[in-house]
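**Q** Predicted coordinates and the sequence they were generated for:
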Amino acid sequence: MAQAKKGDHVKVHYKGTLEDGSEFDASFNREPIEFTLGDGMLLPRFEQAVEGMDEGETRNIRIPADEAYGPYFQDLVIEFEKEQFPPDLDPRIGEHLELQQEDGSSTVVKIVNISGDKVSLDANHPLAGKDLLFEIKLLAVNTCCGGHSH
C-alpha cells in the first residue's frame, strides 16, 4: 500500500463541518479532489493531514480558525447607502453580492443588515473565525517518479 508523501499526486474525498455539525463542503457526492502534496493548493493543515496516510485510510482533523480562513474582522462589515446600489437590485439579508474592485478583481460580500436606507455588507470569508473539522479519506496515491504503485 502506498503512503502519501510530499510530491505525490493524491486523490481524496472529504467532508468539512463546523463545530455545530453543519456541513459547509463535501466531495463524497461528486468527484474526489486531486492535488499534489506540497503544492499549496489547499489549506496547509489539510495537506499535512494527508501526508503519511495510507490508501483507504480515513482521518479526522480540526483546523483552528487562525490556520484556516483567519479571524473574523468586524471592520470588514461596511455600511453603504441604498442609493449606491443599482436601481434594479433589491437587497435582502443573507444574500451574497459580487463587488468589482478598482483593480478588476472581485470580492463576494454578504448582506448582513438593512436599516432604512443603509445596507451593511460583510466582506469576511464565510468561514472566517470558525474552526473547521474535516473527515478525509485517501483514495489513491500516485508517487511522483516512474509511476510504480506498491
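**A** Nice, thanks for sending it over.

**Q** Centre of the chain to the worst-scoring helix or strand of the chain on mean pLDDT, how far?
**A** The helix or strand of the chain with the poorest confidence is strand 96-100; it has a mean of 89 (mean pLDDT, DSSP states H and E). Centroid separation between strand 96-100 and its chain, computed with Cα atoms, centre = their mean, to the nearest Å, is 18 Å.

**Q** what element comes up after that strand heading to the C-terminus?
**A** strand 106-115 (DSSP states H and E).

**Q** Now do the same contact list for Glu98.
**A** 106-109 (Cβ atoms under 8 Å, 6 or more residues apart in numbering). Any C-beta I mention is one placed from the backbone N, CA and C, and that applies to glycine too.

**Q** any idea how far it is from Gln48?
**A** 32 Å (Cβ to Cβ, to the nearest Å).

**Q** Same question for Glu102.
**A** From Glu102 to Gln48 the distance is 37 Å (Cβ to Cβ).

**Q** Out of these two, name the residue with the larger neighbour count.
**A** Counted by other Cβ atoms under 10 Å, Glu102 and Gln48 do not tie: Gln48 has more neighbours, with 15 against 5.

**Q** hey, where'd the helices end up in this protein?
**A** 44-50 (DSSP state H).

**Q** Could you chop it up by domain?
**A** 9-69+128-142, 74-122 (automatic domain parsing).

**Q** what distance separates the start and the end of the longest one?
**A** End-to-end span of domain 9-69+128-142 (Cα to Cα, to the nearest Å): 5 Å.
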